[in-house]
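*Asks:* Let me see the structure of the following:
(chains A and B)
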Amino acid sequence: MRDTVRSPHLPSVLVFLIFVFGFTALNLLAPTKGVSTLERRELAQRPRLTVESVISGQFMEDYASFIRDQAALRDELRFLKSSVERGVLRKVENNGVYVVGDRVYDKFYGIREPLAVTAAQRMNEIIASIQGRRAFLSVIPTKAQGLEGDGYLLSDQGWIADALRDTVDATYLDLMDLAAAGTETRYYGADPHWTTEGAIRAYEIVALGLGFAPVTDYRFETLSDTYVGSEYGKAAAWTIPLDTIELAHNEALDGMTVCREETADRIVCGDSVYVPSTVDTVDLYDVFLGGLAPIIVITNDAAPSDDELVIFKDSYAHAIAPLLAQHYRKVTLVDLRYVQRQYVMDHVDFGAATVLFLYSTSVVNTDPRLLN
Amino acid sequence: MVFSSLEFLFLFLPAILLAYFAVPVRLRNPVLLAGSLFFYAWGEPVYIVLMLVSITVNYGLALAIDRFRGTPRSRAALIGAVAISLGLLGYFKYAGFLMDTINGLLGTDFVSPDLPLPIGISFYTFQIISYTVDVYRRDVPAQRSWVTLAMYISLFPQLIAGPIVRYKTIAAELTHRTPTLERFAEGAGRFTIGLAKKVIIANNIGLIWKDTLLSSEPSVLLAWLGLTAFALQIYFDFSGYSDMAIGLGRILGFTFPENFDYPYVSQTVTEFWRRWHMSLGQWFRDYVYIPMGGNRVPYLAWVRNVLVVWFLTGLWHGAAWNFALWGVYFGVLMIVEKAFLHDLLYRLPRMARHAYLIFAVLISWTLFELGNIAQIEQYLATMFGLAGVPIVNDESVYVLRSNLVLFVVAIGASVPLLQAVQTRIPDRPFIRQAGVPAIQAVLLVVSYAYLLDSTFNPFLYFRF
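*Replies:* So this is what the prediction gives:
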């Protein structure tokens, strides 16, 4: 026994055993969590053991996900990995995002030309099928467009904007300067979306293009100063400050109602463009119109006219659509990623509505669901 | 289940260590067998039956070889054992390839069986063959205990990706082994190094190769960087696994053979293969090459022997023609080296010999990793500036700059640099008792952190 205690090999053995048994005990004792706030996702739960799931191998796969998601100190260890990547290996990216100062930028690299070309074709098909309506197009840059320095691998998002501008049969409203250097407050620090300030700046450009004098009178409410953006979890650099979400208010905005057509049979209506009940969800950005849904209709009974607007869009539109709704009695938002185009053409009343295609470069470049 | 998975580290490993060291010595083999079967069934819940059948049949045939020794029945039992083992391997691994080849050559329409490859079948089949052949050759007595033989074949540290531990290598330890604190410490250290090699280096540098293949803006520099990254990935992946296997074996009281000896420091292809996947090379030497006559035959017969062995080595890695081509490529290089290249190379400076070896091996990895001839041609054309792509572009500069430290670390760790440094560090108790465990702790925790923040990364050699 005395020999064992004095053995020069004991420290190595102890380190190994403490690692294996220590983390095993921590993992066993850690309470099972439902969601990860920092990663903004539901965590895998303990799988049910059945003969079928074992024979098919599904149980083992699910268990691997469970143990990884529920590992004790998961957030701390992810931070350690991120720190080693940046501090020791001197990498500028982690999990596909760049950490620059106290901000996180998407690695927008690789233009998928066929996706942009096909997206333009689909937009033209929609425009052709609703002939006579005014059609507009705006392309939203991601904040990486304004990232300066030669240490980052980035593609020129202007290519996508130019390709759509040159081929889509719509009036182009240029938003590409929105992410120019020195305009950081227009985007969240660790989330790809624009801030309310950025959305208002975009709204001013789009409203002018649509023929309206932009409204400039707002008061602002801070919804949260601990907003965990989606890029925050990818970067796993917990020293980056959390973002602040502000909501714009005025009489017109506060008087609007919103109906969300979540499925063909389920329409949920509310009396605000902001849905504070989503404060408890993993994505605070869902406060804007209640988050993604196939079709969302904003009604503004106090609108100065009976004009209507239909926006084919992605998630960026949720912060700008209420601002545009100040000029329209009804704004319909269509997300072709979650609804078939034919359904929209059959069920949405385009009437004399103006049509706006409002897409971010990242969605055009990566999401083929726009092409349905 | 792979060693670099959380379910292995924090479910299986603590359980098997507790059980193994808690039970009386006589129960350790049954515990190891049960644990190994659980380990295998976790990844292969159906084909475990195949392995058990194979073990049982070979157990019986080896006893028959022993019992009927000196009679034709003994030889028949050996032939039966080898035929059954190769038959199962052939059916599950090569039937589809064979059908596709026949259909391609003859224009026939045979349906190829679409069978998933049982994990580790290439490894455990070779171990089983080594056992029955060694029994026939009287190198070892037949194992009377089914549990002991089954434990040897299914022993989880080396079951699914080697090293190919021949029966006679650990025959004595199967029944008498003494785990000690020193062995445990050595094994734990070796396991830690292997885990770090796999998780921190191989998985990380493998991303460069993956991105290279997906790149929409190829360049000459990127092609070279990508292939270099793959060369390092496969080395750290496979040697890392071997380190973990050897380390686990050591903890349990076994001494497994080494599988890698810094292959990238080699100066010829012949030397490279004495340092790369050594247990496979030794198996082919002892069970194919030497029985065919080895080099004690006329020159042309020797050339045939070399080409056959390397053709089979290639096919062992995968049931596809690119693997066969990869094997024959090395066979041809060895023949050329023996004919004149070796002497020529040794008139050149040492660096030139290294450059030759690295170049030859890098080219071989295109044959190994790229699925078809068109892809291989395209990649080689890109590497040599014949594909009309720029020599350097933004992406290649970014990849180099962003991964420079990783490349330096990986290349440094692929040569015996640390060994050289280690020999210069004075062997003081403080260093051994504090420095080494501290490094070990850092590597373990950082590896765990990388595991948590990554998706599933199976070992490359799993597919064999």
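*Asks:* switch to C-alpha atoms for all contacts and neighbour counts from now on
*Replies:* OK.
*Asks:* Flag every residue of the stretch 51-200 of chain A that's near chain B.
*Replies:* Contact residues, the stretch 51-200 of chain A versus chain B (CA under 8 Å from any CA of the partner chain): A:54-57, A:60, A:63-64, A:67-68, A:74, A:77-78, A:80-81, A:89-92, A:110, A:151-153.
*Asks:* now with 7 Å?
*Replies:* Residues of the stretch 51-200 of chain A that fall close to chain B, judged by CA under 7 Å from any CA of the partner chain: A:55, A:57, A:60, A:64, A:67-68, A:74, A:77-78, A:80-81, A:89-92, A:110, A:151-153.
*Asks:* residues near B:N393, how many?
*Replies:* For B:N393, the count of nearby residues is 15 (other CA atoms under 10 Å in any protein chain shown).
*Asks:* close enough to count as contact, it and B:P218?
*Replies:* No. B:N393 lies out of contact with B:P218 (CA atoms under 7 Å); the separation is 8.1 Å.
*Asks:* The residue in the stretch 1-150 of chain B that chain A sits nearest to: what's its closest spatial neighbour, skipping adjacent residues?
*Replies:* Closest to chain A within the stretch 1-150 of chain B is B:F10: 4.8 Å, counting by CA to the nearest CA. Setting aside the residues directly before and after it, B:F10 is nearest to A:T24 in space (CA to CA, 6 or more residues apart in numbering or on different chains), at 4.8 Å.
*Asks:* quick one: contacts for residue 329?
*Replies:* You didn't say which chain, so I picked chain A. By CA atoms under 7 Å, 6 or more residues apart in numbering or on different chains, A:R329 lies in contact with A:299-301, A:303, A:305-308.
*Asks:* Neighbour count says what about these? Which are buried?
*Replies:* If you count burial by 16 or more other CA atoms under 10 Å in any protein chain shown, the buried members of the contacts of A:R329 come out as A:299-301, A:303, A:307-308.
*Asks:* Closest one of those residues to chain B?
*Replies:* So of the buried ones among the contacts of A:R329, ranked by how close each gets to chain B (CA to the nearest CA), first place is A:E308, at 41.8 Å.
*Asks:* wait, what's in contact with the residue of chain B positioned farthest from its centre?
*Replies:* Distance from the C-alpha centroid of chain B peaks at B:T71, with 37.2 Å (CA atoms, centre = their mean). Not one residue lies near B:T71 by CA under 7 Å, 6+ apart.
*Asks:* That one and B:L61, how far apart?
*Replies:* 14 Å (CA to CA, to the nearest Å).
*Asks:* Nearest residue to A:L371 in space, ignoring adjacent ones along the chain?
*Replies:* A:A119 (5.7 Å).
*Asks:* List the contacts of the strand or helix carrying that neighbour.
*Replies:* Using DSSP states H and E, A:A119 sits in helix A:113-129. Here helix A:113-129 makes contact (CA under 7 Å, 6+ apart) with A:160, A:164, A:167-169, A:364-365, A:368, A:370-371.
*Asks:* Tell me the most packed of those, by neighbour count.
*Replies:* For the contacts of helix A:113-129, the largest number of neighbours (other CA under 10 Å) sits with A:V364, at 27 neighbours.
*Asks:* quick one: it is in a helix?
*Replies:* Yes. Under DSSP: H, G, I helix; E, B strand; the rest coil, A:V364 falls within a helix.
*Asks:* Find the nearest non-adjacent residue to the closest residue to chain B within the stretch 51-200 of chain A, please.
*Replies:* Residue of the stretch 51-200 of chain A nearest chain B, by CA to the nearest CA: A:L77 (4.7 Å). Nearest non-adjacent residue to A:L77, counting by CA to CA, 6+ apart: B:A449, 4.7 Å away.
*Asks:* give me the number of residues near the one you found?
*Replies:* So B:A449, with other CA under 10 Å, has 24 neighbours.
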